[in-house]
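**Student:** here is a sequence with its predicted model. Questions after.
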Number of protein chains: 2
Amino acid sequence: MNRVLILGAGQLARMMELAGTPLNLDVKALDVLSNKVIQPLAPKYICSDLETGIKNADVITAEFEHVAHDILAECEQSGKLYPTSNAIKIGGDRRLEKVLLKSCNAANAKHYFVNTRIDFDEAIDHLSLPLIFKTALEGYDGKGQWRLKSAVDADIIWQDMADFLDNSKTIVKQGIVAEQMVPFDREVSLVGVRRINGDVAAYPLTENHHTNGILSVSVAAPINAQLQQQASTVFKALSDKLNYGCVMAIEFFQVGNHLLVNEIAPRVHNSGHWTQQGADTCQFENHLRAICDLPLGSTALIRPTAMVNIIGEDTVPNEVLAIPSAAIHWYKKDKRVGRKMGHINVSGNNELQLAQRLQRLADILCKQAFPDLSDFAKNYLEKQS
Amino acid sequence: MNRVLILGAGQLARMMELAGTPLNLDVKALDVLSNKVIQPLAPKYICSDLETGIKNADVITAEFEHVAHDILAECEQSGKLYPTSNAIKIGGDRRLEKVLLKSCNAANAKHYFVNTRIDFDEAIDHLSLPLIFKTALEGYDGKGQWRLKSAVDADIIWQDMADFLDNSKTIVKQGIVAEQMVPFDREVSLVGVRRINGDVAAYPLTENHHTNGILSVSVAAPINAQLQQQASTVFKALSDKLNYGCVMAIEFFQVGNHLLVNEIAPRVHNSGHWTQQGADTCQFENHLRAICDLPLGSTALIRPTAMVNIIGEDTVPNEVLAIPSAAIHWYKKDKRVGRKMGHINVSGNNELQLAQRLQRLADILCKQAFPDLSDFAKNYLEKQS
């Protein structure tokens, strides 16, 4: 029970191999471009084709939710896939996600499914403006979204969406989910893990900040118990419903003391990368433990920890390494604008120290590449003083 | 400056690759059995021969001190070797080590070099019994040692040593170092790191326990400042003298409030494995940062942490993973009696919690394979209560 195949060979597969190697797990990954099975940390070393890869694996999991459905079916047929193909598909289709949330009574924004102009007009009638329209499939990092603030823009926005739907080449029929925009106080996420025997554990809620629609900073610090309880209850309901067997991330809008589910990801998640330095057991190891049916590791926070994404850059000044506790994680990807290239974790013995270190980090990093970090660090430091 | 070649492809090279990968370092290792350069975490993937490996590397280092001297010479000639071949050789020869200690005024046990019966008798005359005789070369994990407690055993012990010297096939001439046995209170070690520009940093002193001559448990906890200062001063003196550029471990005997150097290792060290979970930056990353001329990472203790070696066993009960903070590190080596196969790190928010977790660990692990752990954990727990 120690040969793992991951569908997808990106940074999440790499970090799973890094976490799994000390546990004696043999981690391979399907490179979806070449359709070959490789070792994530030695990608030139081609191990096999997919069929052999499935045969040679004890368990199979996915690092992203947009896996081709025929591959999911083949993996599921082997009896080795965690989570189920159903859970993965739900993570890749906002319509299925909304149905799941409803079936679990998980609070979320009022919404309406849109395929036609009639649906579109009904959405505007039934929900109150402003609305956000999101593609049901293939949306991520803020892509595939439209915002409607005033009814006068309805025609032009519908036309754009209609063109998008007409041109969509997805195998499953593309669609749009209209959501009432939530006036939230902040965005938080819960990374939880469920073992197939029903054991669950959840990391502390993480506060997330986005820049141009992409996660830029996550902070994990001691959290209000009532909020944590709310989030854990939602995680338990969803993961039990799915008979789930690995890590799941749930993004929430916090409105006052209430959490509304924004979306779920059936996998390890960017907002959980801080766990590599800040938690007893990191999300990557807990994901692997769950799929290999090993005891879950403690999800306790060791000390306040923040993660800063490195987006579109393939270097940072070496002085970053001189900040105590700073750990840089590069993904070895080719540089591209807007691409997640790596992240930096920083911890502090308390939130004040963490804020001071974030301030120092912001001072070192290039303002163009990390446009919001200085303001974030300044505000965070002011809150601690 | 990011292609690293390690001489030796054992667990230390593996753990350096695990630590170096997130920093974007490309870590290769020389397998001294096949003389091929491989990737430690993908050992089937043969990269090149040694000559090409040296050419393709930006920096070269060693995971053990018994590297063949012709290979050291070849690496040194390339101008890429850290530390110097001199430092590596000193770590592999107790005679050179003693000369270094003397030149730095580093306190150590009274000793005498022995090559002949005459030297042997003089050693007994000049030093007081009991004595310990250690081979100058190739001794490790308590191998190659003789103890002389009473003069009546001198003939029989000399005969055994003489046979050993006669049969020695080392290229450099083998020899014996006689040492006065130190009535020490405990054994501690310092893992320090020096960058070639002279920056130094040292981890907290670690308390070490041995079973049958092999390290079995190391504990890192807040330490007496005066002792830490003593050890750091020795580290600074030795590493400056050697114009050192990576991690060095120094083992000490503690006698009252004084530290006597037992031996030095010019590399990452078993007694520093706790740093993977217990320090801001682990010893493997700091070794790599030093050789790549990057800023050293903080060596601060995050929380009390212990390391338990797994010796001669290739499984432990899964329940170990349920102990909060427990991290298992397997080396993927073939099972052999007395062989270091892996280690387990455990932390606690304070020493009492660490002691309780160690007690739980001792209760789970097999008594035959971890013969001293229960007693150690019991004593440690009693000291905290």
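**Tutor:** Cool, the structure landed.
**Student:** got a list of contacts for the strand or helix carrying residue A:17?
**Tutor:** If you go by DSSP states H and E, residue A:17 is part of helix A:11-20. With CB atoms under 8 Å, 6 or more residues apart in numbering or on different chains as the test, helix A:11-20 has contacts from A:4, A:6, A:26-27, A:29, A:39-41, A:63-64, A:267-268, A:273, A:276, A:282, A:284-285, A:287-288, A:329, A:331-333, A:340, A:342, B:18, B:21-22, B:41. From N, CA and C alone the C-beta is placed, and that goes for glycine too.
**Student:** can you map out the helices along the stretch 101-250 of chain A?
**Tutor:** Ranges of helices within the stretch 101-250 of chain A are A:117-126, A:154-167, A:225-241, based on DSSP state H, counting those that start in this stretch.
**Student:** for stretch A:344-360, what is the distance to the chain centroid?
**Tutor:** 23 Å (CA atoms, centre = their mean, to the nearest Å).
**Student:** hmm, I was thinking of stretch A:169-185
**Tutor:** Mean C-alpha position of stretch A:169-185 versus that of the full chain (CA atoms, centre = their mean) differs by 17 Å.
**Student:** distance between the ends of it?
**Tutor:** Stretch A:169-185 has an end-to-end distance of 37 Å (criterion: CA to CA, to the nearest Å).
**Student:** buried set for the helix holding residue A:17?
**Tutor:** For helix A:11-20, the buried set under the neighbour-count rule, 16 or more other CB atoms under 10 Å in any protein chain shown, comprises A:11, A:12, A:13, A:14, A:15, A:16, A:17, A:18, A:19, A:20.
**Student:** residue nearest the centroid of chain A?
**Tutor:** Centroid-nearest residue in chain A: residue A:269, 3.4 Å away (criterion: CA atoms, centre = their mean).
**Student:** wait, that one touches residue A:247, no?
**Tutor:** Yes: between residue A:269 and residue A:247 a contact is recorded at 7.5 Å, counting by CB atoms under 8 Å.
**Student:** give the residues shared as contacts by the two.
**Tutor:** Joint contacts of residue A:269 and residue A:247 (CB under 8 Å, 6+ apart) are A:191, A:283.
**Student:** where does the residue nearest to the centre of chain A fall, phi/psi-wise?
**Tutor:** Backbone geometry at residue A:269, expressed as degrees, to the nearest 10, gives phi -140, psi 150.
**Student:** what about it, distance to residue A:354?
**Tutor:** Distance, residue A:269 to residue A:354, by CB to CB, to the nearest Å: 21 Å.
**Student:** now residue A:373
**Tutor:** 14 Å.
**Student:** more crowded one of these two?
**Tutor:** Shown here are residue A:373 and residue A:354; by other CB atoms under 10 Å in any protein chain shown, residue A:354 has more neighbours (26 against 23).
**Student:** let's verify the more buried one: helix, strand, or coil?
**Tutor:** What DSSP: H, G, I helix; E, B strand; the rest coil gives for residue A:354 is helix.
**Student:** chain neighbours aside, what residue packs nearest to it?
**Tutor:** In this structure, residue A:354 finds its nearest non-sequential neighbour in residue A:348, 3.1 Å apart by CB to CB, 6 or more residues apart in numbering or on different chains.
**Student:** same deal with residue A:273?
**Tutor:** In space, residue A:273 is closest to residue A:307, 4.8 Å off (CB to CB, 6+ apart).
**Student:** quick check, that neighbour in a strand?
**Tutor:** Yes: assigned with three-state DSSP, residue A:307 falls within a strand.
**Student:** could you verify my assumption that it touches residue A:216?
**Tutor:** No: taking contacts as CB under 8 Å, residue A:307 lies outside contact range of residue A:216: 9.5 Å.
**Student:** what's near enough to touch residue A:65?
**Tutor:** A:88, A:89, A:91, A:92, A:265, A:266, A:267.
**Student:** run the last query once more with 10 Å
**Tutor:** Contact analysis of residue A:65 by CB atoms under 10 Å, 6 or more residues apart in numbering or on different chains lists A:7-8, A:72, A:87-93, A:97, A:137-138, A:140, A:264-267.
**Student:** could you do residue A:188 as well?
**Tutor:** Neighbouring residues of residue A:188 by CB under 10 Å, 6+ apart: A:204-208, A:218-220, A:223, A:227-228, A:231, A:250-254, A:259, A:262, A:271.
**Student:** and the gap between residue A:193 and chain B?
**Tutor:** Residue A:193 sits 13 Å away from chain B, taking CB to the nearest CB, to the nearest Å as the criterion.
**Student:** again but with residue A:330, I slipped
**Tutor:** 4 Å.
**Student:** can you spell out which helices and strands pack onto the worst-scoring helix or strand of chain A on mean pLDDT?
**Tutor:** The helix or strand of chain A with the lowest confidence, counting by mean pLDDT, DSSP states H and E, is strand A:42-49 at a mean of 89. Applying 3 or more CB pairs under 10 Å, 6 or more residues apart in numbering or on different chains; DSSP states H and E, one finds that strand A:42-49 contacts helix A:11-20, strand A:26-31, strand A:36-39, helix A:50-56, strand B:36-39, strand B:42-49.
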